[in-house]
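>>> Here you go, sequence then predicted model.
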Amino acid sequence: MALIAPSILAADFANLQRDVEMLNTSEADYIHVDIMDGMFVPNISFGFPVCEAINRYATKPLDVHLMIEQPDRYLENFKKAGASIITVHYEACPHLHRTVQLIRELGVLPSVALNPHTPVEMLSEILPDLSQVLIMSVNPGFGGQKFIENTYRKIYKLNCIREELGLDFKIEVDGGVNNDNARFLVENGADVLVAGSFVFNSTNPLETIAELRKN
Ligand SMILES: O=C(CO)[C@@H](O)[C@H](O)COP(=O)(O)O
Ligand SMILES: [Fe+2]
């Protein structure tokens, strides 16, 4: 059974409270919150005031995905805005060990994301310190993109490394996840499926989440 993290990026921002409350009643495990700064990625989403507003209504833990440069500057703000998990990008953190420590010191679970071109081996020295690794299955910056097939291989490799080292971090996959690829992602080792447009563009998001969760 997979854990499901619907991405609020695909919600109706004019009805954010309604959509968060819908997720509260769903089988979703987390609410995935995508933060984009227009620098690390070519798009701007929203910042901590909106994250705080989501948290005001959410009864599920916030899984905050920071697609921003120099994330250390804002870790405390996102903790205060309700983050339970904070993901930073490997590609945005020259001092990743320090960043991960800062997240832990805040009492938040640390997670690191890898862009599609970054090999999983780049995290080998830091895996014991992580509670989650996020494998991007699209290039970050936008919802609604096409799933990159090489992701299965990356997840398989990371899962092998996890077993070899006897670690228990979660493997999350993010981008273009739907009912066609979910099963194979879980079979290859994914534990958490992020789904934005597949959930929010479906006619019955509650059923879509329940279906995804069966994988
Ligand atoms: O981090 C990102 C995109 O950069 C994701 O979380 C997307 O928001 C997922 O949306 P879909 O690909 O499922 O529509
Ligand atoms: Fe994301």
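Nice, thanks for sending it over. Ligands and ions are numbered 1, 2, ... in the order given.
>>> Now tell me what touches stretch 37-46 from outside.
9, 13, 34-36, 67-69, 89, 91-92, 140-142 (CB atoms under 8 Å, 6 or more residues apart in numbering). For the C-beta atoms, the positions are set from N, CA and C on the backbone; glycine is no exception.
>>> Turn the residues you listed into JSON lines, including neighbour count and secondary structure.
JSON lines is the format used below for these (neighbours: other CB atoms under 10 Å; DSSP: H, G, I helix; E, B strand; the rest coil):
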{"residue": "Leu9", "neighbour count": "22", "secondary structure": "helix"}
{"residue": "Phe13", "neighbour count": "11", "secondary structure": "helix"}
{"residue": "Asp34", "neighbour count": "25", "secondary structure": "strand"}
{"residue": "Ile35", "neighbour count": "26", "secondary structure": "strand"}
{"residue": "Met36", "neighbour count": "21", "secondary structure": "strand"}
{"residue": "Met67", "neighbour count": "26", "secondary structure": "strand"}
{"residue": "Ile68", "neighbour count": "21", "secondary structure": "coil"}
{"residue": "Glu69", "neighbour count": "15", "secondary structure": "coil"}
{"residue": "His89", "neighbour count": "24", "secondary structure": "strand"}
{"residue": "Glu91", "neighbour count": "19", "secondary structure": "helix"}
{"residue": "Ala92", "neighbour count": "21", "secondary structure": "helix"}
{"residue": "Pro140", "neighbour count": "22", "secondary structure": "coil"}
{"residue": "Gly141", "neighbour count": "18", "secondary structure": "coil"}
{"residue": "Phe142", "neighbour count": "17", "secondary structure": "coil"}
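>>> Quick check on Glu207: phi, psi?
phi -70, psi -40 (degrees, to the nearest 10).
>>> what does this structure put close to ligand 1?
Taking CB under 6 Å from any ligand atom as the contact definition, the chain meets ligand 1 at 7, 9-10, 32, 34, 65, 67, 138, 140-145, 174-177, 194-198.
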